[in-house]
Structure formats: structure tokens, C-alpha cells
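**Q** Turn this into a model:
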Amino acid sequence: MKRLLDCVASDFAAMGKDELLKAIAASEGRTLVSESIVNLPCPITGACNSEICAAMGADILLLNFFDVANPSIVGLPPCPPAETIRMLKKLTGRPVGINLEPGKLGSSVDEGGPGAWNEMLPGLAATADNARRAADLGIDIILVTGNPGHGVSNERVHAAVKELSDAVGDRVIIAAGRMHCSGVASESSERLISMEDVASFARDGADIILMPAPGTVPGITLELVRSLVGAVHREGKLAMTSIGTSQEGADTSTIRAIALMAKQAGTDIHHIGDTGFIGIALPENIMAYSIAIRGIQHTYRRMALSVCR
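**A** Numbers count the residues shown, from 1 in each chain. The predicted model follows:
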């Protein structure tokens, strides 16, 4: 089994769920996931947000607001809707994940109402039917999580993880956890995730358990994250720390500090969010994060490798 660090596009194309999980684990905390918003235009002309994430060194592309009932990505070349994910994989040579949310339909972070770009639509919901649609589209990872203002509690995440794992857990990696309170103020700060949540997510079928990176959500310290990551590993699962607090738009020294704290905490997967510019992290921060956790050798290689390999 190759480390994900050493994989090329043809390796990813041939991988199933178990192979991808093993490749991540073998990379020893040097896997980078970059999230982007698919229904907003890329600030760089002539590309989609996910292509920029890939170009700056991301190993795995995570899509936010990807509607499995109406598949589309702004900036992607025209293709049949059912081929949207396969087209993105063809262009980037990367595994692709999406967010599905057990949120309140119609909600949005700014209460923009129907038609807002961040409205919680039926095709974004964490349901078994949507999970099966995602798997059929070619999605590799489903992250059960919540966007700001969508009213996603840990209780809702628990129920959704079990439903999605039963539906597609044999062919899609299931990840679970929140990057922030997701509109549930009673579960903010250090109350965002507990040891009990880790055990429950693992028991319900999550392969990867997500938590905020140290220094992002108030009260989420290095010591707390280290203890949570240890609990994840004792369950035999992989841990993913996240920057979901718009600090993906901070200066590069902040990014490096968060990256190294997350690595000290023992995380397997590092996530950087989608709101540097709205829709994507600052591109230089994706590269800075990658360099911080694995140096220029693996960063430049990932940036340079052709999708034809």
C-alpha cells in the first residue's frame, strides 16, 4: 500500500474506500484536505475553486454546498450533471468529498431566505437517498457536518452518521463532526465535541472523526484536541482537524501555527476551509499549510504531478 503522499492520479482512480483510508493512515499526519464552495465563482478567472485547491497542494478536495439532486460546480467545463464529479476528478486527479448536513431545510447563515447561495436545500441533506446519489456520482468521502446557521447539533450528526453508514458505508468513507457550533449556541466552545461524541460517532459507523483544530474555535486548546485525537485512535478511526472559522483567510504565520499545533495533537488529516475569499481559502495559505506539515518536497510534488500519471 502506497502512502497517500506518494500516490498519483491513477492510484487514486483505482482506490476503493479501504485503500484510501490505509493510504491516509500511512502518511502519518501529512494529508491535506481543502474545502471550497461549489456554487460561487472562483476569484481566479477561468478555473473552478477546487482546481485552485488542487493546484496549491491539496490531496483531497472537499465540496461545500454540492447539491446531489442538481449536481453542478461553477467554473467547471460543461458536462452532463451525472458526470460532474468524474469531470472534476479528471481535471484534478484527486479524491473528492462532499458535505451533507442534518440541518434545517431553508435555513441560511445570514437568513437570506429562499434563493440565498447558502440556503439549506434538500439535495444537501444528510439522508440515505442523498448518500446513495453521492456514491453513484463518484464521491469518495461524505462528511456529516453543519454550515453556520443551519442548526446542526451533535445529536443530529449522530443520527445521520448511522443512517448514511448503513446506506453506503461499504463503498464511501463516512466522516463526522463539526468545525464550529453550526447555529447551536449551547454546543459552542469546548462543548463542541466530547469523548462521548467520539465514541458515539465511531460506534455509529464513522471512519473519520472531525474536530476543530487548536486555536480556531474559542476554548479548543492543543491539550483538548490531543486528548480527543487519542480517543479517536483508540476507537481505531482516523482524526481530522479543521479550520472552519475563516482563519483560512489569516496571514501565513497563523496558518503555520495552527498546522503545527494540529500535528502535535496527532491528527491524521488536516482540513483548511473555504472562506479566505468567500468560496476558497487564500491560495497561498493552502500551500503554506502543506509546507508546514510536510515540507517543500511533498508540497511541490503534489502541485506539479500531472493528472496523466
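
**Q** for the protein, what spans make up the helices?
**A** In the chain, the segments counted as helices under DSSP state H are 9-14, 17-26, 49-55, 84-92, 128-137, 154-168, 195-204, 222-234, 252-265, 283-304.

**Q** Out of these, flag the one nearest residue 37.
**A** Of all these, helix 49-55 sits nearest to residue 37, with 6.5 Å by CB to CB. Where you see a C-beta, it was placed from the backbone N, CA and C, and this is true even at glycine.

**Q** how much space is there between residue 293 and residue 124?
**A** When CB to CB, to the nearest Å is applied, the distance between residue 293 and residue 124 equals 30 Å.

**Q** Can you pick out the residue with more neighbours from the two?
**A** Comparing residue 293 with residue 124 by other CB atoms under 10 Å, the one with more neighbours is residue 124, at 24 against 20.

**Q** ok, the more buried one - contacts?
**A** 65, 66, 67, 68, 99, 100, 101, 103, 130 (CB atoms under 8 Å, 6 or more residues apart in numbering).

**Q** what about 10 Å?
**A** For residue 124, the residues meeting the contact criterion (CB atoms under 10 Å, 6 or more residues apart in numbering) are 64-69, 98-101, 103, 105, 118, 130, 147, 150.

**Q** Which among those count as buried?
**A** When burial is judged by neighbour count using 16 or more other CB atoms under 10 Å, the buried members of those are 64-68, 98-101, 103, 118, 130, 147, 150.

**Q** From those residues, pick the one nearest residue 205.
**A** Distance to residue 205, by CB to CB, is smallest for residue 100 among the buried ones among the contacts of residue 124, at 13.9 Å.

**Q** In space, what's closest to the closest one - neighbours in sequence excluded?
**A** In this structure, residue 100 finds its nearest non-sequential neighbour in residue 126, 4.0 Å apart by CB to CB, 6 or more residues apart in numbering.

**Q** gap between the one you found and residue 216?
**A** Distance check for residue 126 against residue 216: by CB to CB, it reads 23 Å.

**Q** what do you get for residue 180?
**A** 8 Å.

**Q** between the two, what contacts are shared?
**A** In terms of CB under 10 Å, 6+ apart, residue 180 and residue 216 are both contacted by the residues 242, 244, 245, 246, 273.

**Q** count of neighbours near the fourth one?
**A** Think residue 246. Other residues lying near residue 246 total 16 when counted by other CB under 10 Å.
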